[in-house]
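J.: need a structure here:
(chains A and B)
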Amino acid sequence: MISRRNFLKTTAAGIAGITLPLAAFEIVDPRKLMAQEAKNPAKVRWVFLVDTYKCVGCGLCVKACKQENEIPYDANVTRTWVERYVLTKDGEISADTPKGARDGFTNSKIDLGQGKFKDIKKEDIDKAYFVPKLCNQCDNPPCVQVCPVGATYQTEDGVVLVDRKWCIGCGYCIMGCPYGVRFFHPVHHTAEKCNFCYHRISKGMKTACVDACPFGARLIGNIKDHNDPVTKIIMNERVGVLKEEYGTKPQVFYVGLSREVK
Amino acid sequence: MVHGELWTIKELFVYPNEYIYWSIQIVMYPFMTGLVAGAFVLSSLYHVFGIKQLKDMARFALVFSFALLFVAPIPIMLHLQFPFRGLEIFMTPHFTSAIAAFGVVFFTYGAIVASELWFLYRKHFVEVSLKLREKQDKTLSEWFQYLIFCSLTLGVYDISEEALHRDEKAIKILAGIGIPVACFLHGYAGFIFGSVKANALWMTPLMPVIFIMSAVVSGIALCMLTYIVTMEFKKFIASRRNEARGAFRSKEEIIGVEINVIRMTARYLVFFLVAAISLELLDLIFRTYTAVKSWDVLRSVIYERDFYDIFIMQYGIGNLIPLILFLIPGLTIRRSVLAVLLVIFGVFMMRWNVVIGGQAFSLSFAGYMHYHLPIIPHDWETFKEGLFGALSIFIMPFVLFWVIAKIFPVFPETEQTS
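T.: Numbers count the residues shown, from 1 in each chain, chains lettered A, B, ... in the order given. Coordinates of the predicted model:
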């Protein structure tokens, strides 16, 4: 007959064994091992280039993105958007993005929210420009760091993706993103964001927004390919990134980025 | 409608995807875990540091902490878009995330509280089960009770002096380990907020410490309140019964609340309250002095938009008034009831100002968001993310406490009668 001591011992060991999370074991993937041995780092690192001088705020990119990625057209969330900045002679900065600029900027009045608008006289304007925004596919993505279940992850070619079947919908990634690119999908109710149209770029196509832009303000490229025209611009010209101070190492580069851009 | 759109009003320049995603349930989460941790720390003051005056309160606080423990994860569950996937946090934890540690911290803490309770009530379990075993022709409910208490003894019926002495030693050790774990449980809730580098209001290393201090404050306050209410209720019932029979005043009637217990506990509450306020003010002064990039928008939120919530409701009504009430000599029960109610309210407002206040401004630092708590629910979402969802969470531990107290009697006289 089993003694009480032995029974307790076996039970404790059994429970400890069962409760040890499976995540504690790393199952060796032969492909991963071979890739490491061959010391063959990924040959692709997707980056994005926005030329703010070329953007006219037509919003075609936003519209195309919504359709391509099945974000309900009238829902007040969007994977990409365009911001308008207006600087007046008195040094005041006004900015807006009505409906993410889905329908473009058809009105010269600045949207202040809650149905209020600000009229700025043309002669008072010092400078005005548009800035398209999208996920920065950071090299050090805070959203990936904070996801408690690993539902959002970074691919080898640098794009951050969300697993809709695994996301628990806690919203920590939304809180963790300094760029405000994440939201809950109105239909799937999981975390959602721009993924550089991963389903397209991985098949050799351009992103929907790049294809939709009639002025070439948006470009996608592979920074590991030195012959890529986008890489050449990033390497040779003066480009900026958004909110560098957060240490996220953003990979969307801007030509003509101004200090007022939030 | 997009999640968050219903209760968010945007003003000036706000990014299109920004809404108040973390709403009332996320206010309730640190509030409830704070109560758990606080109640435990209070009970440990007796077990570890041997503060004799807290003996009654300690037993009570431990049972209450156990009841609160079950409620603590519910706000998170209600907040999740996929509550049934919540289990993934335990199954596939992604340990770079602060939330992923929840399973480990929560269950460790739960195990400690449960074991401590077991050692504390072992004698009671044995006595009840032995008494029921001897009893002939048991009723169905007695059979049921017998079964429960028999299982709770875990087969150990040794209640000799020596064995009980060993139990006390175990309780002391568990309570000792429990203090840092309870602090960790709540400090970790503070870390969840404090480590969000995208949020200018949340990101401060002081956040976990501030959370721990206010947790202890709220835990002690709630224990005091529940202790007073339960004792007075018992007194009231006993006197009503005796009045009907025309008998002499019974023991229950005379005992009531022990003012010494209240005064002693209040002293600890004041100590932690002062620590919590000092830390919060330090944070505020530091932010004002360093005035980094985000300060412009934070200043407008703290001193203008949320001034009423922060300085009137939280610091004024929730901290200053109770502090004065406690510090005036000759503390009475009525005064302490008012003070602890205000303290609990103050801690709730602190959680509110952190969670909602942290989302009151846009990441662009050029716009604001206002939160409108849904009051009348018209679907499941407006219920759980609204006033009634929060109230249900707040009531739940009291209901649980009532059930649990049937197994773990918290007052000496109940123990004697059973």
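
J.: flag the shaky bits of chain B, pLDDT-wise.
T.: B:246-257, B:412-418 (pLDDT under 70).

J.: how far away is the residue of it found nearest chain A from A:Tyr172?
T.: Closest contact between chain B and chain A, by Cβ to the nearest Cβ, is at B:Gln81 (2.3 Å). Just so you know, the C-beta spots here come from the backbone N, C-alpha and C atoms, and that holds for glycine as well. Noted for B:Gln81: a distance of 12 Å to A:Tyr172, by Cβ to Cβ, to the nearest Å.

J.: give me the more crowded residue out of those two.
T.: A:Tyr172 (26 against 18; other Cβ atoms under 10 Å in any protein chain shown).

J.: wait, what's in contact with the more buried one?
T.: For A:Tyr172, the contact set (Cβ atoms under 8 Å, 6 or more residues apart in numbering or on different chains) comprises A:Val146, A:Cys147, A:Pro148, B:Ser97, B:Ile99, B:Ile192.

J.: can you check A:Glu156 too?
T.: A:Glu156 neighbours (Cβ under 8 Å, 6+ apart): A:Ala42, A:Val44.

J.: now do the SS call for it.
T.: coil (DSSP: H, G, I helix; E, B strand; the rest coil).

J.: if we can go back for a sec, which pair in the contacts of A:Tyr172 spans the largest distance?
T.: Taking Cβ to Cβ, the two most distant members of the contacts of A:Tyr172 are A:Cys147 and B:Ile192; they sit 13.0 Å apart.

J.: the two: who's more crowded?
T.: A:Cys147 (27 against 24).

J.: so that one touches B:His94, yeah?
T.: Yes. Look at A:Cys147 against B:His94 with Cβ atoms under 8 Å: they come within range, at 5.7 Å.

J.: how many other residues sit next to A:Asn6?
T.: 10.

J.: let's have the contacts of A:Tyr172 in CSV, adding secondary structure.
T.: Supplementary listing: the contacts of A:Tyr172 in CSV, determined by three-state DSSP:
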residue, secondary structure
A:Val146, helix
A:Cys147, coil
A:Pro148, coil
B:Ser97, coil
B:Ile99, helix
B:Ile192, helix
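
J.: okay, these in a markdown table with distance to B:Asp296 next?
T.: Below are the contacts of A:Tyr172 laid out as a markdown table (distance: Cβ to Cβ, whole Å):
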| residue | distance to B:Asp296 |
| --- | --- |
| A:Val146 | 26 |
| A:Cys147 | 31 |
| A:Pro148 | 33 |
| B:Ser97 | 31 |
| B:Ile99 | 31 |
| B:Ile192 | 26 |
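
J.: quick one: distance of the longest helix seen in chain B to the chain centre.
T.: When chain B is scanned for its longest helix (criterion: DSSP state H), the result is helix B:207-245. In terms of Cα atoms, centre = their mean, to the nearest Å, the centre of helix B:207-245 is found 13 Å from the chain centre.

J.: does it come close to chain A?
T.: No. Using Cβ under 8 Å from any Cβ of the partner chain, helix B:207-245 never reaches chain A; the gap is at least 13.8 Å.

J.: buried ones in that helix?
T.: B:207-228, B:230-231, B:234-235, B:238-239 (16 or more other Cβ atoms under 10 Å in any protein chain shown).

J.: tell me how far the residue in chain A that chain B sits nearest to lies from A:Gly100.
T.: Residue nearest to chain B within chain A: A:Gly169 (2.3 Å; Cβ to the nearest Cβ). From A:Gly169 across to A:Gly100, the span is 22 Å (Cβ to Cβ).

J.: again, but for B:Leu325
T.: 51 Å.

J.: what parts of the stretch 201-350 of chain B come near chain A?
T.: Proximity of the stretch 201-350 of chain B to chain A, by Cβ under 8 Å from any Cβ, involves residues B:Lys293.

J.: quick one on the thing from earlier: the residue of chain B closest to chain A - nearest residue in space that isn't next to it in sequence?
T.: Of all residues not flanking B:Gln81 in the chain, A:Gly169 sits nearest, at 2.3 Å (Cβ to Cβ, 6 or more residues apart in numbering or on different chains).

J.: repeat that for B:Lys123.
T.: Using Cβ to Cβ, 6+ apart, the nearest residue to B:Lys123 is B:Ile159, at 5.1 Å.

J.: test my guess that that neighbour contacts B:Phe125.
T.: No. Under the criterion of Cβ under 8 Å, B:Ile159 makes no contact with B:Phe125, lying 9.4 Å away.

J.: what about those two, which has more around it?
T.: Taking other Cβ under 10 Å, B:Ile159 and B:Phe125 do not tie; B:Phe125 has more neighbours (22 against 17).

J.: who are the contact partners of that one?
T.: So B:Phe125 contacts B:Phe149, B:Leu152, B:Thr153 (Cβ under 8 Å, 6+ apart).

J.: isn't there a strand covering A:Phe117?
T.: Yes. Counting by three-state DSSP, A:Phe117 is located in a strand.

J.: surely it and A:Ser94 touch.
T.: No. Counting by Cβ under 8 Å, A:Phe117 stays clear of A:Ser94, with 10.7 Å between them.

J.: so what's in contact with these two at the same time?
T.: Shared contacts of A:Phe117 and A:Ser94, counting by Cβ under 8 Å, 6+ apart, come down to A:Ile110.

J.: okay, now B:Tyr109: neighbour count?
T.: 24.

J.: that one and B:Pro180 touch, don't they?
T.: No. Using Cβ under 8 Å, B:Tyr109 is not in contact with B:Pro180; the gap is 10.3 Å.

J.: can you find the helix or strand in chain A with the smallest mean pLDDT?
T.: helix A:30-37 (a mean of 66; mean pLDDT, DSSP states H and E).

J.: who's in contact with A:Val149?
T.: Contacts of A:Val149 (Cβ under 8 Å, 6+ apart): A:Trp166, A:Cys167, A:Ile168, B:Arg85, B:Glu88, B:Ile89, B:Thr92, B:Pro93, B:His94, B:Ala100.

J.: just the ones of the contacts of B:Phe125 in helices?
T.: B:Phe149, B:Leu152.

J.: would you mind giving the contacts of B:Phe125 as CSV with distance to chain A and neighbour count added?
T.: Converted to CSV, the contacts of B:Phe125 look like this (distance: Cβ to the nearest Cβ, whole Å; neighbours: other Cβ atoms under 10 Å in any protein chain shown):
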residue, distance to chain A, neighbour count
B:Phe149, 20, 21
B:Leu152, 17, 18
B:Thr153, 14, 21
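
J.: make CSV out of the contacts of B:Phe125 and add distance to B:Gly38.
T.: Below are the contacts of B:Phe125 laid out as CSV (distance: Cβ to Cβ, whole Å):
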residue, distance to B:Gly38
B:Phe149, 30
B:Leu152, 26
B:Thr153, 30
